[in-house]
Structure formats: C-alpha cells, structure tokens
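*Asks:* based on what follows, work out the 3D shape:
(one chain, ligands or ions: 1)
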Amino acid sequence: MTKKVLVLPGDGIGPEIIAEAVKVLNLANSKYNLGLELVDGELGGAAIDKHGVPLADSTLALAREVDAVLLGAVGGPKWDTIDKSIRPERGLLKIRSELGLFANLRPAILYPQLADASSLKPEVVSGLDILIVRELTGGIYFGTPRDTIILDNGERKAFDTLPYSESEIRRIAKVGFDMARLRNQKLCSVDKANVLESSRLWREVVEEVAKDYPDVELSHMYVDNAAMQLVRAPKQFDVVVTDNLFGDILSDEASMLTGSIGMLPSASLDANNKGMYEPCHGSAPDIAGQGLANPLATILSVSMMLRYSFDQSQAAEAIEKAVSDVLDQGLRTGDIMSAGMRKVGTAEMGDAVVAALEKL
Ligand code: NAD
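*Replies:* The predicted model follows:
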C-alpha cells in the first residue's frame, strides 16, 4: 500500500536542504521498494505569501492524512514585522500541536570524522551519543494567559504561563524511559524543581513512571546544572528527558558539541509514531539562497523518518552509512569545514550522499 509523505520546504535555506533530502529519499524509495509517494505543501513564510496564513487549513488536512511530514525550516526577516498571530513560527507550533506531536527526539551524535569541528576538546566529545527527548506540545510555548499589557503607570509588562498536566508529563516520561531501554538504560530528567511549581510536578510524575522501568537508572538534574554538565562532561548522558523550553535550549547546546547544528536531525512523534521530521536548525536567513547550507541534518531526518514512521531500518541505516562515507571522503560544507578537507556546497553534498547510497 502506498504511504504518503508531505514535504514542506518552508523558508530561507529550507527549500535548498529539502531539495537534497528529497533526492536521497527518492533514491531510497526506489532502491528499497518503500512505496512512498511525496506530496508538496507550504508552511511558514511561504504559506503566508501564498495563503495569507502560516498554516492553511488545506495543508493541515493534508498533514493529517499523510503518514509522515518532512519539513525544512520556517521564518525569516521578511515576516518578522507582521502581526504576531500569523508569524511563520505560529504555523510550526500549530502543526505540531494539531498533529499531537508531543515527543521530540533529538539525537546528538558526534561523527568521529568531525571531532575537530566540535568546540570542545576531542577527548571530551569523542564517541558522544546523546538522545534528548523534548516535550513539544506543552509548557510555556503554548501556555495561556500570555500577553503584553500597559500598567497604570504607563510601563509595559509582559508575561507567559508554564503549565504542565500530569498526563502530559507521564506520556513524555514514558517515551524517555522507552528510549533509554533501547539504548544504555540511563535516563536523566531535567527540570527546575527548586524554583518552579510545574517542575515539582514534573519530578513527581517522572518518579511515578520510573516504577514501571526498574531496569532504567533514573537521575534528576536542574536545568542550569545540565547546561553546565553538557559542556563539562557530556558523555555522562545517555537519554535526557525535559520540557519544551529547557529541551529547546539544551538541544541547541548539545548540537554544538557535535560540530554544527547543520548535522542534527530530529523527529517529532505522536502516540502512534506518526511523525514530522526536520533538522534542528532554523531557516538560516544569513546564508539562504547561496548554496552554503549543510543538508546533512535534513538528510539524516529522512533516515529517522524511515526508521520511526515506516519501520525501514535497513534503508535508514544505509542513509546514515552514506552520510558517514561522504564525510570519510573529506567533503565538508562551510559549517563543518576543517583543515585538509574539501569544501562543497549544498547540492554537491546532497549529490555525494546520493552517489554513496547508490553504491551500497
Ligand atoms: P538558525 O538555526 O537558522 O541559524 C543559526 C546559525 O546557524 C546561523 O549562523 C546559520 O547560518 C547557521 N546554520 C543553521 N543551519 C545551518 C545549516 N544547515 N548549514 C550551515 N549553517 C547553518 O537560527 P536563528 O538564526 O536563530 O533563526 C533564523 C530563523 O529561523 C528565525 O526566523 C527563527 O525564528 C527561525 N527558526 C526556525 C526553526 C524551525 O523552523 N524549526 C528553528 C529555529 C529557528
């Protein structure tokens, strides 16, 4: 039976990196008889330009119908000053929440070939393999009330709300424990329970869920300490589970341990493993349209899609091997460039992965 993938290139470097990821996906599709059909749509600024909103109802309907979504990135200066209710990022938050994609998996793996590109000493990061599980549809990014008001004295005041229900915490904690079970049986739950009410509930519920996973070693860490430990001794972590805001920040920090945010894929899953797959980085307007962007995070997102949504681990592993082979050949985009390597652009990197995959 045909399975459908909705492709949303988005803005900035989005269309450039998606073009390369689609080349790789098309090849994997034919080589491994995956039976996937790709359909196109718009999200973010591209959708504002075409439909007047960052996520059109027709696109959302398509997203509900397909089996997986492949996304580039959204946002850019062109849409920075428009009404905040239709900013590009609103489209992204809406599609995540409407599809119930509550579990964001962000692996931070250091390819041995890129040890030099990390900002930390090779001995601190070599062999690094962390999985950050970020809660994606709750917390402060969605909480209400949120507003900017004018006080009686004329001063402006802004506020946000950080709510978490027990069921929201329980389901993301379970994902964290399940992932830890598949890896090295270590889960670190990151919160700010010394200050935040929502974090106190987070910790309590994670402890309750832990009773069903006696084989997984659970630890708790405050987010400020976790930020420090990630650069001090990152290999102490196996799986980290945390809320939306902390996960956003910590996963970007973890990305730099691996050399570049241009290397990091992500998966956002619902309760049935339907997912949206996207690189961890944004639309990089500073390099958009110049053929400079690293497409590997998006290509590796395709690999995560084949593994989690389509159960095609052979094809997923082949893509990961092709990426590793290309790094072995010494090809580097600017963000991961180091001495003695050959600098290539977005399309050349994508073509090299296609050629490496063809050979496998
Ligand atoms: P960014 O991730 O777009 O860029 C940060 C830095 O990393 C820039 O210097 C950029 O050139 C570089 N970079 C990012 N991806 C790269 C790649 N593939 N190859 C090489 N270099 C890369 O973050 P930002 O600058 O904070 O945000 C830019 C825009 O992206 C904003 O509009 C923001 O709202 C949006 N954004 C979107 C998403 C998303 O779509 N998921 C995530 C984060 C930011």
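
*Asks:* and the residue nearest the centre of the chain, backbone torsions?
*Replies:* By C-alpha atoms, centre = their mean, the chain has its centre lying nearest to residue 266, at 3.0 Å. Backbone geometry at residue 266, expressed as degrees, to the nearest 10, gives phi -150, psi 160.

*Asks:* give the contact list for it.
*Replies:* Counting by C-beta atoms under 8 Å, 6 or more residues apart in numbering, residue 266 touches 104-106, 251, 277-280, 301, 304. For every residue, glycine as well, the C-beta is placed using N, CA and C.

*Asks:* I'd like the residues you listed as CSV, with pLDDT appended.
*Replies:* What follows is these, written out as CSV (pLDDT from 0 to 100):
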residue, pLDDT
104, 95
105, 95
106, 93
251, 89
277, 98
278, 97
279, 95
280, 88
301, 98
304, 95
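
*Asks:* derive a ChimeraX selection command for the buried subset of those residues.
*Replies:* Applying 16 or more other C-beta atoms under 10 Å to those, the buried members can be selected in ChimeraX as follows:
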select :104,105,106,251,277,278,279,280,301,304
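
*Asks:* which residues are in contact with the residue of the stretch 201-350 of the chain found nearest the ligand?
*Replies:* Of all residues in the stretch 201-350 of the chain, residue 282 sits closest to the ligand, at 2.4 Å by C-beta to the nearest ligand atom. When contacts are counted by C-beta under 8 Å, 6+ apart, residue 282 touches 12, 73-75.

*Asks:* out of those, what pair is the most spread apart?
*Replies:* For these, the maximum inter-member distance is 8.0 Å, found between 12 and 74 (C-beta to C-beta).

*Asks:* can you check which residues contact both of the two?
*Replies:* Shared contacts of residue 12 and residue 74, defined by C-beta under 8 Å, 6+ apart, comprise 282-283.

*Asks:* got a pLDDT number for residue 138?
*Replies:* We have a pLDDT of 95 for residue 138.

*Asks:* with the one 10 residues further on instead?
*Replies:* We note a pLDDT of 97 for residue 148 in this prediction.

*Asks:* same deal with residue 257?
*Replies:* With respect to pLDDT, residue 257 has a value of 86.

*Asks:* what does the one 4 residues further on give?
*Replies:* Per-residue confidence for residue 261 comes out at a pLDDT of 84.

*Asks:* these two touch, right, residue 18 and residue 12?
*Replies:* No: using C-beta atoms under 8 Å, residue 18 is not in contact with residue 12, being 11.1 Å away.

*Asks:* which of these two has more neighbours?
*Replies:* Just comparing residue 18 and residue 12: by other C-beta atoms under 10 Å the higher neighbour count belongs to residue 12, 29 against 26.

*Asks:* could you list the domains of this structure?
*Replies:* Domain assignment for the chain by automatic domain parsing gives 1-109+272-360, 129-257.
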